[in-house]
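*Asks:* Got a predicted structure plus its sequence, pasted below:
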Amino acid sequence: MDSQPPASPDSQQQTTSKKRRGIGRIGWAVIGAVFFGSLLAIGILPRLSQKSELQAAVKEASTVPLVNIITPRRAAATTNLELPGSVVALNQTTIYARSTGYLRRWYADIGDRVQAGQLLAEIDSPDIDQQVLQAKAEFVQAQANVLQSRASLAKGVSDLKQAQANLLIARQSWQRWSVLVKQGAVPQQDADTRYATYQANLANVEAAKNTINSDSANVKAAQANAYAIQANFQRNIVLQSYKKVTAPFAGVITARNVNTGVLISAGSGNSNTSSNTSTSNTNTSNTSLYTIAAYDKLNVNVNVPQSLSPSFQTGQTAEITVKELPQRAFTGKVVRSSNAIDPNTRTLLTQLEVENYNATLRPGMYATVKFAINRTNTPFVVPDSALVVNAGGTQVATLTKDQTVHYQKVVVGRDYGTEVEITSGLTGNESLIATPTVDETEGLRVQPVAQKK
């Protein structure tokens, strides 16, 4: 086996130098790694800590819902209120016949303007004419009976006076003869004859008085009978005057229900009626002759909501418009109200009066009535989206000081479409959730965000 020769001193020195250089490189590498590791630890660790904190904050924020908040505002002190109204005639009536007969002629048709007392129609009524003649004859006869009774009474008074005179003479004669009998100048029989005559005249006076009393009663009865017959006569005269049908007031004829020759019955007992036009050709009886309405002044009826009824006063004015007259506006004045709230609609019937000299407005029209209302205690106004209606009533979602949700019950007033009035339940300092949802329950913590205006 061959043995290697021993190394020379120069080669051993080279080997030792190489080992030293290798160890130095490793040390410098370790030192560099430690240095760069320290730098990384100093720069990265704080950033990682901040990142974790940021992520925790973002996570916490993501669990609290964001809500838009608003504040209620006061409504205007003066507001316009528009209400639907119905135009009605200030005075409207249906004219009926008070005299039975046949319609002789009519003088007014629908649409005609008539004056108070103007002749509208004439009725031919022979029955009432005969009744007038009979009542007149009975009245004349009753007057004659009164005169006869008075003449009988006058005769009775005359007879009484004559009987009283005869009684006076008979009494004086009897008294004289009584004195003569006591003196023995005449026999007792003659005195008894004078006394009998006195008693007979006394009876005549009483009879005459009774006759006068009876005649007086007859006169009173005859006068009473004459008054009754006169009243019946006057009644028939009045009924006869109803043969001429006249307008009770100035206005416009809105209906004519009869034609010439139709049988008219006094009163309202007929059910057969003709058409409310001038072309009716019916021959059946009908007591309704005309319908007349006054147009110079009209009434407009409106139903005011109960919540606003205290704001309306007699004499208050309003602007009245109708769709068919867009360029015209009429001024109405509140003249009266029912002073009672309708329990079915919770409204107050209010009536306005409007001048209509040119007959532009017509009864039956639909009108819009606009009031200017001054309110001393103005309500708050919120968007309608802020309201929550559930089993607890009408509520709004408010935000408390600790940023939690609280539902507050409120009372709603007027509805403007996108906004509503709140008449009670708010103070004006609340923060309201603009659009509450079912997820935002009572006591839920939320993060408010002011809504952009």
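*Replies:* Arrived safely, thanks for sending. Residues are numbered from 1 along each chain as shown.

*Asks:* next one: phi and psi at T345?
*Replies:* Reported as degrees, to the nearest 10, the phi and psi values for T345 are phi -110, psi -10.

*Asks:* Quick check: which ranges of the chain have low pLDDT?
*Replies:* Across the chain, the ranges flagged by pLDDT under 70 are 1-62, 268-287, 451-453.

*Asks:* what sits opposite E421 in the beta ladder?
*Replies:* Taking DSSP bridges as the rule, E421 bridges to V381.

*Asks:* Now R328: which helix or strand?
*Replies:* When elements are defined using DSSP states H and E, R328 is found to belong to no helix and no strand.

*Asks:* contacting residues for the spatially most central residue of the chain?
*Replies:* When the chain is reduced to its mean C-alpha position, the nearest residue by CA atoms, centre = their mean turns out to be L349, at 1.7 Å. By CB atoms under 8 Å, 6 or more residues apart in numbering, L349 lies in contact with N301, V302, N303, V304, S337, S338, D342. C-betas here are computed from N, CA, C, even on glycine.

*Asks:* Which secondary structure state does it sit in?
*Replies:* For L349, the reduced secondary structure class is strand; criterion used: DSSP: H, G, I helix; E, B strand; the rest coil.

*Asks:* Could you shift the numbering so residue one becomes 60, and keep it that way?
*Replies:* Will do, 60 is the new start, and the previous item becomes L408.

*Asks:* what separates it from R315, distance-wise?
*Replies:* Computed as CB to CB, to the nearest Å, the L408 to R315 distance reads 32 Å.

*Asks:* just to revisit the earlier point, run through the bridge partners of the residue nearest to the centre of the chain.
*Replies:* Taking DSSP bridges, one obtains N362 as the residues bridged to L408.

*Asks:* any chance you could map the helices in the chain?
*Replies:* Read by DSSP state H, the chain holds these helices, from start to end of the chain: 68-122, 185-242, 247-300.

*Asks:* Can you report how many residues lie near V413?
*Replies:* 21 (other CB atoms under 10 Å).

*Asks:* Can you name the residues bridging to it?
*Replies:* When bridges are assigned using DSSP bridges, the partners listed for V413 are L357, G391.

*Asks:* And for H465?
*Replies:* Beta bridges link H465 to T457, judged by DSSP bridges.

*Asks:* In this structure it contacts T457, no?
*Replies:* Yes: assessed by CB atoms under 8 Å, H465 is found in contact with T457 at 5.1 Å.

*Asks:* Roughly how far does T152 sit from L420?
*Replies:* Per CB to CB, T152 is found 19 Å from L420.

*Asks:* got the contact list for stretch 501-512?
*Replies:* With contact meaning CB under 8 Å, 6+ apart, stretch 501-512 is reached by 120, 123-129, 458, 461-466, 490, 492-493, 499.

*Asks:* Pull out the buried residues from those.
*Replies:* Listed as buried from the contacts of stretch 501-512 are V126, I128, I129, L458, V464, Y466, S490, I492, A493, E499; burial here means 16 or more other CB atoms under 10 Å.
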